[in-house]
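Peer 1: for reference, the sequence and a predicted model appear below.
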Amino acid sequence: MIETSTEISQKILFVDDEALLLEGLKRQFRREFDIEVAQGGEAALALMAESAPFAVVVSDYNMPVMDGIAFLNQIYNLYPQTVLMMLTGRAELNIAVNALHDAHISRFLNKPCPKEVLVETLNDGLEQYRLRMSEHILQAQLQQTNQQLNALNNHLEELVAQKTLALRLQYQYVANMTQLRSSREIIDALIDSVAQLTQLDAISLWLSPQQDGKFSCHYPRHLEANTFSVPEDVEAITYKTIKLRQVWRRGDTKPNAFDQSLFAGQPLFSVPLVGNNGVLGLLNLAGEDINLVDQAQEAMIGIADVTATALQSHWHREAFEEAQDAIITALAKLSEYRDPETGAHLLRLKKYCGIVCGFLAETEKYRSQISPMFTEDLVRSSPLHDIGKVGIPDAILKKPGKLSPEEFEIMKTHAQIGGDTLRAVYEQYPSQSFIKCGMDIAYCHHEKWNGQGYPKGLAGDAIPLSARILALVDVYDALTSRRVYKAPFPREKATGIITEGSGNHFDPDIVTAFLANEDAFYEIAEQFADLV
């Protein structure tokens, strides 16, 4: 039994081996105190086990089996708050000392003890017990209060941590959105942020780029072949999420079998990604119940909204760029169809340019010059470098033998023709940076580092960086490509020619980038070789 401040025991237990003495004590104090008696230590222990707690225990010293000191020592160990006293006929100092140290008594009384002394002693014992228990109860209450406060503090800290994380992730997500270059990067950023926010990894993402009611899985990767159309069942959570643009939480409505198939586990949340023209995606979370604070849920919904806007923008841009690339490729093929020296040439050039840009972008010298946009523009516009060959007569362009000096002078004009053509386009569309890049490489991809190139004889850094890169990769591709009139140069010979051209034909920094990635160049040359 656990005592409270209003239920502190008033019971007193007398322990002695003389039955008549015990009966006399019980009869004598029945009106003043709540008295229990036990004949011997073993009987007293049994009684206390059944009827504890007792406020005061008064024991004789001389008892069979277990003397008073041994008995009271056991009581002290079992019931440390109980006040212990000894009432004995042996008034010996050593017994009193042992009882004080070993039995932890508070009073040592001699038989016979006057009633008024015993009454006063028992009242003192009851008051001492009350004080002990009051302190004990207060400590227990204080400990319980501290535990509750600690639990509350921990809960508050958890809430603050969740809210702080939610705000931080939301801020970081929006801040990082401007740096993402593709819809795939946006998708990966969304999954990463939601996983951090919810501590869940069972996430699936369904998107409808055309917003035609057909959704395909874009995460996880092993489900990306799966697709679905908006269900007709108006009670399905998928229908409500898409058609009504509602966030679904476990407990709102029970998902059916179709709904469950769109989750990577036990359905927990379904969040619509809402674009300008409707829902373009579903973010589904699965797993055990989690205690997300409202701000964390709002952050997740906010991240989904930002993602929808970003994806819609990137999809439009990517569709536009695909159209641009198609036009670029079509323009480039005008010269390709007339020039027997080109095959998979355009594809290889794109890959070579990407490798060189990636290497230089990591160097201190070029880090500020070669941005992701620079690389993208160069890769996209590289097919336009020889567009000016459209203006070269077939008799010269397709001549199988060596060109005469006069014919070579005409051939050299393709750089000016190509550059002038793209300049006219750029002047009409100055916001299109890839056209400016295409113009630079069309004009200058035959310029040489030492100033001995054409059409303007530019030297060193006066040659645009994009053209310096294109110049090297174009020559490398010509050396390593098979033609009807020649076999590809051996790997070592092609590398040697490029190396010898460092500081003369080519920018030494571009040569360094090539040599650092020669293995990758060779693999591309082999993998995408012309079929002649």
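Peer 2: Sure, I can see it.
Peer 1: give me the below-cutoff pLDDT ranges for this structure.
Peer 2: 1-6, 155-156, 159-175, 224-225, 291-296, 323-343, 484-485, 531-532 (pLDDT under 70).
Peer 1: show me where it has strands.
Peer 2: 11-16, 34-39, 56-59, 83-88, 107-110, 203-207, 214-219, 227-229, 248-249, 267-275, 278-286 (DSSP state E).
Peer 1: most packed of the ones you listed?
Peer 2: Highest mean neighbour count among these (mean count of other C-beta atoms under 10 Å): strand 56-59, with a mean of 27. C-beta here means a position set from N, CA and C on the backbone, and glycine is covered the same way.
Peer 1: which strands or helices does that one pack on?
Peer 2: The contact analysis (3 or more C-beta pairs under 8 Å, 6 or more residues apart in numbering; DSSP states H and E) places strand 56-59 against strand 11-16, helix 41-51, helix 68-78, strand 83-88, helix 115-177.
Peer 1: coming back round to it: pipe the strands of the chain into a markdown table and attach distance to residue 380 per row.
Peer 2: Formatted as a markdown table, the strands of the chain follow (distance: least, C-beta to C-beta, whole Å):
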| stretch | distance to residue 380 |
| --- | --- |
| strand 11-16 | 95 |
| strand 34-39 | 98 |
| strand 56-59 | 96 |
| strand 83-88 | 94 |
| strand 107-110 | 101 |
| strand 203-207 | 25 |
| strand 214-219 | 24 |
| strand 227-229 | 30 |
| strand 248-249 | 42 |
| strand 267-275 | 26 |
| strand 278-286 | 26 |
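Peer 1: which one of the ones you listed lies nearest to residue 499?
Peer 2: Across these, the minimum distance to residue 499, taken as C-beta to C-beta, is reached by strand 214-219, at 44.8 Å.
Peer 1: neighbouring strands for that closest one, and are they parallel or not?
Peer 2: strand 203-207 (antiparallel), strand 227-229 (antiparallel) (DSSP bridges).
Peer 1: what residues does the longest one touch?
Peer 2: By C-beta atoms under 8 Å, 6 or more residues apart in numbering, the list of residues contacting strand 203-207 from outside reads 187, 190-191, 194-195, 215-220, 223, 228, 262-264, 273, 280-286, 311.
Peer 1: and it, how far from the chain's centre?
Peer 2: Taking C-alpha atoms, centre = their mean, to the nearest Å, the mean C-alpha location of strand 203-207 is offset from the chain mean by 17 Å.
Peer 1: to residue 344, which of the strands of the chain lies closest?
Peer 2: strand 214-219 (30.4 Å).
Peer 1: how about the strands paired with strand 214-219, which one is nearest residue 478?
Peer 2: strand 203-207 (42.6 Å).
Peer 1: the closest one to strand 267-275, inter-axis angle?
Peer 2: 30 degrees (axes from the mean of the first three to the mean of the last three C-alpha atoms, to 10 degrees).
Peer 1: between strand 278-286 and strand 203-207, find me the angle.
Peer 2: With the same axes, to 10 degrees as the basis, strand 203-207 and strand 278-286 are set at 160 degrees to each other.
Peer 1: put the alpha carbons of strand 203-207 into CSV.
Peer 2: Once non-C-alpha atoms are left out, strand 203-207 reads as follows in CSV (Å, rounded to 0.1, in the frame of the first residue of the first chain):
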residue,chain,number,x,y,z
ILE,A,203,8.0,7.1,-50.4
SER,A,204,6.5,6.9,-53.9
LEU,A,205,6.1,9.7,-56.5
TRP,A,206,3.6,9.5,-59.4
LEU,A,207,3.7,12.2,-62.0
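Peer 1: what is the residue nearest to residue 10 when sequence neighbours are not counted paired to in the beta sheet?
Peer 2: Nearest residue to residue 10, sequence neighbours excluded (C-beta to C-beta, 6 or more residues apart in numbering): residue 34, at 5.2 Å. Beta-bridge partners for residue 34, by DSSP bridges, are residue 11.
Peer 1: mind listing what residue 34 touches?
Peer 2: Counting by C-beta under 8 Å, 6+ apart, residue 34 touches 10, 11, 12.
Peer 1: is it true that the last one touches residue 51?
Peer 2: Yep, that's residue 12 we're talking about. No - using C-beta atoms under 8 Å, residue 12 makes no contact with residue 51, being 12.0 Å away.
Peer 1: overlap of the contact sets of those two?
Peer 2: With C-beta under 8 Å, 6+ apart, residue 12 and residue 51 have common neighbours residue 36.
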